[in-house]
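Colleague: sequence and predicted structure are below.
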Protein chains: 2
Amino acid sequence: MKQAQAALKMENFETLCRERGIPLTVQRRVILGALVGREDHPTADQVYEAVADRLPGLSRATVYRALETLVEVGVIHRASHLGNAARYDPNTERHHHLTCLKCHKVVDLEEAALDAIRLPGGLQGFEIMDYSVHLQGLCPECRKKTRPLKAKSA
Amino acid sequence: MKQAQAALKMENFETLCRERGIPLTVQRRVILGALVGREDHPTADQVYEAVADRLPGLSRATVYRALETLVEVGVIHRASHLGNAARYDPNTERHHHLTCLKCHKVVDLEEAALDAIRLPGGLQGFEIMDYSVHLQGLCPECRKKTRPLKAKSA
DNA sequence: CTCCGTGCAAAAGGTTTGCACTGGT
DNA sequence: ACCAGTGCAAACCTTTTGCACGGAG
């Protein structure tokens, strides 16, 4: 059940916070709660809307900060490039992207093997026009620089 | 060679513009020229920086508009969701995304077939930690609403 | 010649930050 | 009690838009 998963995720979050000495605030709990209950991918503002009644006087800044914390702890993901600016790509052929988790560099990958993926059927009623594979990892430079495990230099 | 490709892309752009009655301005040409010369995925601001000396008095607004035009004509792609807000995803398991090209809705897709993709080797020195498949198309609702081919309502 | 594109500046989101206060540990 | 988190408001960054002018078709 989703309910059970949500409860697990919340427990997991609490454990992780205690381990890392991160204060467990009401805001963070409610925000995570609102997030795990959803199937869509809400924006920060939508999260704010969702929890505003449960947290009177809540500030949008807090939503942003709490979401950031949740991402750091690892209980949610942020779906978008870290930089909030759009990027433009002159390569209009089918290609894929390699993104560096550390420096956020994006490089193209033209790889016939990835172009040949057979898409499964019944994609929730979507009519697929195109697809691309998004690979995330460490670029050569960042691999040299550090041997990171955790995100923050903490 | 990349040079030849760039020249071809420029010619292609000019042809498409003439076909569609889109004025061919210096700005658009220079901006496209700066873009096809690069391997990275510059932001609008980086494009502005790149062409600023060649186009004195250039406005950032023009860069945005020109980029938009280039995307419409199809000679470049925009790499990012149209909505400029970050989205948060409580699902931290391996999963993929279906994005609607019209309403920009994003839904999760958990599909074992896509989890089993064998990654090719020699990924430009990257150490891959994770990957996901990004499918783009029309969601059921938008498929009903219109029969779009072109972006603009002209 | 007519329009559309451009430049400028202001507006419109989205996100971050400084500061005083509150709440978690 | 201490330190980090919160709320508020202002700052900041990216992108869009209105308007007058100039260049493209």
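Modeller: Arrived safely, thanks for sending. Predicted model only: the values in this text are computed from it and were never measured.
Colleague: quick one, longest strand in chain A?
Modeller: For chain A, the strand that runs over the most residues, judged by DSSP state E, is strand A:127-138.
Colleague: and it, what does it pack onto?
Modeller: strand A:96-100, strand B:127-138 (3 or more CB pairs under 8 Å, 6 or more residues apart in numbering or on different chains; DSSP states H and E). Quick note: C-beta positions are derived from backbone N, CA and C, even for glycine.
Colleague: contacts for the shortest one, please.
Modeller: By CB atoms under 8 Å, 6 or more residues apart in numbering or on different chains, the residues outside strand A:96-100 that reach it are A:81, A:105-111, A:114, A:132-139, A:142, B:79, B:123-124, B:126, B:128.
Colleague: direction included, what does the following helix or strand past it pair up with?
Modeller: Downstream of strand A:96-100, the first helix or strand assigned by DSSP states H and E is strand A:106-109. In the sheet, strand A:106-109 lines up against strand A:96-100 (antiparallel) (DSSP bridges).
Colleague: quick one on the thing from earlier: of the helices and strands packed on strand A:127-138, which is nearest DNA strand D?
Modeller: strand A:96-100 (16.7 Å; CB to the nearest atom of the strand).
Colleague: if we can go back for a sec, would you mind finding the most buried of the helices and strands packed on strand A:127-138?
Modeller: strand A:96-100 (a mean of 20; mean count of other CB atoms under 10 Å in any protein chain shown).
Colleague: and it with strand B:127-138, angle?
Modeller: Counting by axes from the mean of the first three to the mean of the last three CA atoms, to 10 degrees, strand A:96-100 points 130 degrees away from the direction of strand B:127-138.
Colleague: from the chain's centroid, how far away is strand A:96-100?
Modeller: Strand A:96-100 sits 15 Å away from the centroid of its parent chain (CA atoms, centre = their mean, to the nearest Å).
Colleague: pull the contacting residues for A:Val73.
Modeller: Contacts of A:Val73 by CB under 8 Å, 6+ apart are A:13, A:16-17, A:20, A:22.
Colleague: which of those are buried?
Modeller: A:13, A:16-17 (16 or more other CB atoms under 10 Å in any protein chain shown).
Colleague: among those residues, which are in helices?
Modeller: A:13, A:16-17 (DSSP state H).
Colleague: how close does the nearest residue to A:Arg78 once chain neighbours are set aside get to DNA strand C?
Modeller: Closest residue to A:Arg78 apart from its sequence neighbours, by CB to CB, 6 or more residues apart in numbering or on different chains: A:Val71 at 5.2 Å. A:Val71 sits 10 Å away from DNA strand C, taking CB to the nearest atom of the strand, to the nearest Å as the criterion.
Colleague: and what of A:Pro90?
Modeller: A:Pro90 is 17 Å from DNA strand C, by CB to the nearest atom of the strand.
Colleague: run a quick neighbour tally on that residue.
Modeller: 23 (other CB atoms under 10 Å in any protein chain shown).
Colleague: check A:Phe126 too.
Modeller: So A:Phe126, with other CB under 10 Å, has 22 neighbours.
Colleague: does it touch B:Leu138 like I think?
Modeller: Yes: between A:Phe126 and B:Leu138 there is a contact under CB atoms under 8 Å: 6.6 Å.
Colleague: doesn't A:Tyr64 fall inside a helix?
Modeller: Yes: counting by DSSP: H, G, I helix; E, B strand; the rest coil, A:Tyr64 is part of a helix.
Colleague: thank you kindly, that will do.
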